[in-house]
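Asker: From the sequence below, what's the structure:
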Amino acid sequence: MDPDADPDADYVTYVHMRWGPLVRSAILLGCSRTEAEDIVQTTLIRCYTGWAKVQSAAVPDAYVYRILVNCLAKSRRRRWWGETPTERLPHRVVEDPAAAVTQRASVLAALGALTEQQRAVVMLRYYADLSERQVADVLGIPAGTVKSRLARGLEQLSQLLGDGDTDEVRRESSC
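Answerer: Numbering: from 1, shown residues only. Got it, this is the predicted structure:
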């Protein structure tokens, strides 16, 4: 082993690669941007303290998503909210800002209409790209429950959004 090698290099690389997707996942689970960043920071601190366990997991991302879901659940159980996060819109160019805002608002509203369990299953399955078995392991529920929550969640999203995108996603997942 190289004495000059950074023992935390694997962890730092993982954080750089996964920060954005983890924050977006927390947002899809119902957090504001700032709350999502706080949850992800807490998640990654827990990962750092148990980095050997994360690396030795069969699917490290599934292990990290489980920590994320647990951190979110724990933060929601807190009684005191000393801080109220505020959102700042990012300064980026969008082809049609009005359409992007409308679409984002529609999708977030539709996701917000799902139950927390449905939202977690949909996000982990399609955004985090975990298999149904991995989603079941992350949430600690049977695979059949994942399938039924996913079907109900996709049906509700399809009704709320009024488009065929969820049918295409459902076909892809059955392959």
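
Asker: okay, now L28: neighbour count?
Answerer: Neighbours of L28 under the rule other Cβ atoms under 10 Å: 20. C-betas here are computed from N, CA, C, even on glycine.

Asker: what's it in contact with, if anything?
Answerer: 111, 119, 123, 127 (Cβ atoms under 8 Å, 6 or more residues apart in numbering).

Asker: among those, which ones are buried?
Answerer: 111, 119, 123 (16 or more other Cβ atoms under 10 Å).

Asker: Okay, and the second one sits in which element?
Answerer: Right, the one you point to is R119. R119 is part of helix 116-122 when elements are defined by DSSP states H and E.

Asker: List the buried residues in the next helix or strand after that helix.
Answerer: Heading C-terminal from helix 116-122, the first helix or strand you meet, by DSSP H and E, is helix 132-139. Across helix 132-139, burial judged by 16+ other Cβ under 10 Å covers 132, 134-139.

Asker: and the helix holding R119, what other elements does it pack with?
Answerer: Of the remaining helices and strands, those touching helix 116-122 by 3 or more Cβ pairs under 8 Å, 6 or more residues apart in numbering; DSSP states H and E are helix 97-113, helix 132-139, helix 143-161.

Asker: of the buried ones among the contacts of L28, closest to C47?
Answerer: C47 lies nearest to M123 out of those, by Cβ to Cβ, at 18.8 Å.

Asker: how much space is there between the nearest residue to that closest one once chain neighbours are set aside and L150?
Answerer: Residue nearest to M123 in three dimensions, not counting chain neighbours: L28, with 4.2 Å by Cβ to Cβ, 6 or more residues apart in numbering. Distance, L28 to L150, by Cβ to Cβ, to the nearest Å: 14 Å.

Asker: who are the neighbours in contact with the residue positioned nearest the centre of the chain?
Answerer: The centre of the chain sits closest to S25, judged by Cα atoms, centre = their mean, with a distance of 2.3 Å. Going by Cβ under 8 Å, 6+ apart, S25 touches 65, 68, 123-124, 127-128.

Asker: what's the helix or strand for it?
Answerer: For S25, the host element (DSSP H and E) is helix 9-28.

Asker: quick one: average confidence on that helix?
Answerer: For helix 9-28, the mean pLDDT works out to 93.

Asker: Give me the below-cutoff pLDDT ranges for this structure.
Answerer: Flagging of the chain using pLDDT under 70 yields the residue ranges 1-5, 78-95, 97, 163-175.
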